[in-house]
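Colleague: model the structure of this input:
(one chain, ligands or ions: 1)
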Amino acid sequence: MTQKTVYVLGALSVIALVISGAALMLTFSKTPVQPTERTFYLSAIEPKGTASVSKEPFPTQMLPAGGGYVLKEPDKDGNWVVETYVWQPAYLVAQQGDRVTLNILGVNGATHTTEIEGYDKQFVVKRGELTTVSFIADKAGTFRITCKTHSPSMEGALLVLPRG
Ligand SMILES: [Cu+2]
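Modeller: Coordinates of the predicted model:
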C-alpha cells in the first residue's frame, strides 16, 4: 500500500464517520422525546457560620427580615452566629408533560410552609419527615418554590422547558 493510498483511505474513513454521525443526529432529532418521570430529592437545610468578636467584629448591617436570615448577637464568650434557610438543591429542571415528584426532607427548622407557585401546590415540610409532592408539569415556565416561614432566602424554582 502506497502512502497516497493510506491518505485516501484515511480521508474516506473520516468522511464516512462524519456522514454516519450526521445521520445518527438526524435520527435522534426526529424521534420525539416522550414525557418521563422526574424524581427529585430535596432537603430543607440551614447553613451556619460562627465567629468570635476577637477575630471578626459583629456585623453592623441588618439582614432582610422574614425568617430566612438569622444573625445572633455575641454570647457571653463573644461568639456570634449567622445562618440562613435554603432548599438543597434549589433549582429543578423538567420538560413539559413530565411527571414531577419532589421528595423533600426536613433537616433544619421545625416546619416549612411551602408553595409551588403556578401549580397551586401548598404543603408543610416537617423536620424528620419526607414530604412527597407529585404532579404532571403540564405548563412550561419558571415556577417559584417558596417557603413562607423563611423568606426571602428559602426560595427555589422548577423550570419546565416547553416540549416540541
Ligand atoms: Cu423554610
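
Colleague: okay, how far is it across stretch 84-94, tip to tip?
Modeller: Length of stretch 84-94, first residue to last, C-alpha to C-alpha, to the nearest Å: 27 Å.

Colleague: buried set for it?
Modeller: Of the residues in stretch 84-94, 84-87, 92, 94 count as buried by neighbour count, 16 or more other C-beta atoms under 10 Å. C-betas here are computed from N, CA, C, even on glycine.

Colleague: what's the answer for stretch 72-80, then?
Modeller: Residues of stretch 72-80 classed as buried: Trp80 (neighbour count, 16+ other C-beta under 10 Å).

Colleague: distance between it and the chain's centre?
Modeller: Offset of stretch 72-80 from its chain centre (C-alpha atoms, centre = their mean, to the nearest Å): 34 Å.

Colleague: follow-up on the earlier one: can you narrow the buried residues of stretch 84-94 to ones near the ion?
Modeller: Tyr85 (C-beta under 5 Å from the ion).

Colleague: closest to the ion among the buried residues of stretch 84-94?
Modeller: The shortest approach to the ion among the buried residues of stretch 84-94 belongs to Tyr85, at 4.8 Å (C-beta to the ion).

Colleague: let's see which of the buried residues of stretch 84-94 end up in strands.
Modeller: With DSSP state E as the criterion, strands contain 84, 86-87, 92, 94 from among these.

Colleague: what residues does the chain put near the ion?
Modeller: Within the chain, the positions near the ion by C-beta under 5 Å from the ion are 85, 112, 147, 149-150, 154.

Colleague: next, the contact list for the residue most central in space within the chain, please.
Modeller: The centre of the chain sits closest to Tyr91, judged by C-alpha atoms, centre = their mean, with a distance of 2.4 Å. The contact partners of Tyr91, by C-beta atoms under 8 Å, 6 or more residues apart in numbering, come to 156-157, 159.

Colleague: kindly report the same for Cys147.
Modeller: Cys147 touches 44, 68, 85, 87, 112-114, 125, 154-155, counting by C-beta under 8 Å, 6+ apart.

Colleague: how about Ala90?
Modeller: 145, 155-157.

Colleague: so of those residues, which ones are in strands?
Modeller: 145, 155-157.

Colleague: and of those, the nearest to Ile104?
Modeller: Ile145 (9.2 Å; C-beta to C-beta).

Colleague: any idea what sits nearest the closest one, other than its immediate chain neighbours?
Modeller: Closest residue to Ile145 apart from its sequence neighbours, by C-beta to C-beta, 6 or more residues apart in numbering: Gly156 at 4.3 Å.

Colleague: I'd assumed Val93 was in contact with the one you found.
Modeller: No: counting by C-beta atoms under 8 Å, Gly156 sits too far from Val93 to count as a contact (11.4 Å).

Colleague: all good on my end, thank you.
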